[in-house]
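Asker: Fold the following and give me the result.
(one chain, ligands or ions: 1)
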Amino acid sequence: MTALEVRNLHKRYGEHVAVDDVSFTVEAGEIFGIIGPNGAGKTTTVECIAGLRTPDSGSISVLGFDPRRNRAEVRERLGVQLQESSFPDAIKVAEALELYSSFYRDPVDWRELMGLLGLTEKRDTQYKALSGGQKQRLSIALALVGNPKVAILDELTTGLDPQARRDTWSVIERVRDTGVTILLVTHFMDEAERLSDRIVVIDCGRVAAVDTPAGLIERATAVQQVRFRVSQPLDKSVLIELPDVTDVEITEGRWLVTGRGQLLSNVARALARAQVVAEDLRVNQRNLDDAFVAFTGRAPESSELSERRVDE
Ligand SMILES: Nc1ncnc2c1ncn2[C@@H]1O[C@H](COP(=O)(O)OP(=O)(O)OP(=O)(O)O)[C@@H](O)[C@H]1O
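Answerer: Sure thing, here's the model as predicted:
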């Protein structure tokens, strides 16, 4: 079942074209990631979906409803957590949840939601005294309190430390497991790769690609490399003859094997058969950063080194 459909969306700010013919479909129950460089048009797109901006042209359907024409229906079905949410400093966690739940006809039990998001201990804490991660979890809770079928989360872990980010990811997965479809805008490639069932890459207001994380990585970065030293002499032909291997170089005892497909497992099996141990094994691990660069021509903001030790 389709939860969300965006068709030929256009939006300008004066002369500046922010969204230039964007189309995509999100299936019910998916976590659908939206990634792209700064200023690519991601937030404008989700603000149009939320009915906060009026598109110049194109159509949007949230569970069959138009966000501008069917405001009440969309409001009951769509939860929104936008960038930089802010609340009154003195409001307490439980007060905020109770207040927001009163805005909806069929809210979830806000006490349960508080538990799901790990905020029960903080129920009487004022907003200003919450940590960054707790504030973020509260804003997710407020986006979910109306019992939405679809939730938009924009930059939900920006500014959080690594542990708080991972905790938030688990929360998002739990929310998805309750049946909520999630639209996730993020600058973090590891977050998009870990959480998303599918991802749209938006660049300069246009869709550069839509695929699963693995599909994007596969399409963008077909070539892989494995480096290692060998524990005892090995004939180069053992590896050159493997399927998927395109090149083998040996420089000062370091082997560099280039290829495609299941390169690492093929090489590992061949070495095991030859009773050779690969020491200091490294692989040019392909990840979503590489796909981002391939599709947008720019490095993601959160770019990390893509070569990692295999045993890390
Ligand atoms: N209210 C506005 N008035 C004028 N221009 C705007 C407005 N909001 C956004 N823009 C411009 O439209 C373009 C798209 O912005 P948008 O915020 O949608 O991009 P984004 O992909 O979400 O960027 P970021 O990753 O930096 O949040 C940018 O060039 C931005 O400067």
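
Asker: for this protein, what spans make up the helices?
Answerer: Read by DSSP state H, the chain holds these helices, from start to end of the chain: 42-49, 71-77, 93-101, 110-116, 132-144, 162-177, 189-195, 213-220, 237-240, 263-273, 288-296.

Asker: what angle do the third one and helix 132-144 make?
Answerer: If you take axes from the mean of the first three to the mean of the last three CA atoms, to 10 degrees, helix 93-101 sits at 20 degrees to helix 132-144.

Asker: how distant is helix 93-101 from the center of its chain?
Answerer: Distance of helix 93-101 from the chain centroid (CA atoms, centre = their mean, to the nearest Å) equals 28 Å.

Asker: mind exporting that helix as PDB, just the C-alpha atoms?
Answerer: Taking C-alpha atoms only, helix 93-101 is exported to PDB below (Å, rounded to 0.1, in the frame of the first residue of the first chain):
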ATOM      1  CA  VAL A  93       8.000  16.700  29.600                       C
ATOM      2  CA  ALA A  94       4.700  15.300  30.800                       C
ATOM      3  CA  GLU A  95       2.900  18.600  30.400                       C
ATOM      4  CA  ALA A  96       4.100  19.000  26.800                       C
ATOM      5  CA  LEU A  97       3.000  15.500  25.900                       C
ATOM      6  CA  GLU A  98      -0.400  15.900  27.600                       C
ATOM      7  CA  LEU A  99      -0.900  19.300  25.900                       C
ATOM      8  CA  TYR A 100       0.000  18.000  22.500                       C
ATOM      9  CA  SER A 101      -2.100  14.900  22.800                       C
END
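
Asker: which residues are contacting it?
Answerer: The list of residues contacting helix 93-101 from outside it, by CB atoms under 8 Å, 6 or more residues apart in numbering, reads 87, 91, 107-108, 110-111, 113-114, 119, 122-125, 127, 130, 138, 141-142, 145-146. From N, CA and C alone the C-beta is placed, and that goes for glycine too.
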